[in-house]
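**Student:** Predicted coordinates and the sequence they were generated for:
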Amino acid sequence: MNFVGESAARLFRIRPLGDRALVVYLDTEMHEGERWLLAAGMAELLREAGLTWLVDVVPAYDTVTVVYARFDYEQAAADVERILLDTRHPHAVEPRLIEIPVCYGGHYGPDLAACASRAGMTEASFVTCHAAAEYQVAMIGFMPGFPYLSGLPAELRQPRLARPRSSVPAGAVGIAGGQTGIYPLSTPGGWQLIGLTPLRLFDPKRAEPFLLRMGDKLRFVPISEQDLKEQGEAP
């Protein structure tokens, strides 16, 4: 997706956020999947623009927050607008389709039975439904590499835990409300846990620390406990 002519200006607006940041608000009438890809592309474009005053860029559901060092807001906003309106460059990133292996239930998905019961399903049918859907990374947040995934079938929606766990293992796959997600690191958490993936979503030692990026599409692939252990990540 590229901005084209004067219509580009209607796709976003820029507003200040305190004295060290500004926010690019995207047109919320745009299809949400396209909006997430556009936000990710805008963030990438700004990071690569060589702005000497830039501290950080944070894309989210329908915004891109630009953090800057001591600098004039009007000048920062003008620079951002100029870069984003430059139609010589593509703005939306190309989504990748990534498969995430998951060992569902049992020790690795302690809330699966309760989730299936609330949904009026067997555990097997709940897993089948969860693994059949295609998801999209709506945002990376909460902690390094945590993907908020859209695309959860409506019948699988679940409430958050009334009392969060003090420790959730890295790789845990959970559901909260209408979203599913994957914990990249061990942390306290309140999502309903239904499985575990052996993949490392965040590894600061890798050239690219994050396995997933905003806009990516993914599918969950059920694996056995033996498969999980053979990949060396089972607790």
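**Tutor:** Cool, got the structure.
**Student:** isn't there a helix covering K229?
**Tutor:** Yes. Looking at K229 with DSSP: H, G, I helix; E, B strand; the rest coil, it is inside a helix.
**Student:** residues contacting the residue nearest to A154 when sequence neighbours are not counted?
**Tutor:** Closest residue to A154 apart from its sequence neighbours, by CB to CB, 6 or more residues apart in numbering: G178 at 7.4 Å. Every C-beta, even on glycine, is put in place using the N, C-alpha and C of the backbone. G178 is in contact with 150, 152, 154, 157, counting by CB atoms under 8 Å, 6 or more residues apart in numbering.
**Student:** Next one: the first one from P222, what distance?
**Tutor:** To tie it back to what came earlier, the one meant is S150. 21 Å (CB to CB, to the nearest Å).
**Student:** Also A60?
**Tutor:** When A60 is compared with P222 (using CB to CB), they lie 31 Å apart.
**Student:** about what we covered before: okay, and which of the contacts of G178 map to strands?
**Tutor:** In strands, defined here by DSSP state E, the members of those are S150.
**Student:** Kindly reformat the contacts of G178 as CSV and extend each row with neighbour count, distance to A21 and pLDDT.
**Tutor:** Output for the contacts of G178, formatted as CSV (neighbours: other CB atoms under 10 Å; distance: CB to CB, whole Å; pLDDT from 0 to 100):
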residue, neighbour count, distance to A21, pLDDT
S150, 18, 26, 94
L152, 20, 31, 97
A154, 6, 36, 97
R157, 16, 34, 98
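**Student:** with the contacts of G178 in mind, which one is nearest to T52?
**Tutor:** T52 lies nearest to S150 out of the contacts of G178, by CB to CB, at 35.7 Å.
**Student:** surely I14 meets D79?
**Tutor:** No. With contact defined as CB atoms under 8 Å, I14 does not count as touching D79 (10.4 Å).
**Student:** Show me which residues of the host helix or strand of I100 are buried.
**Tutor:** Using DSSP states H and E, I100 sits within strand 97-104. Along strand 97-104, these residues count as buried under the neighbour rule (16 or more other CB atoms under 10 Å): 100-104.
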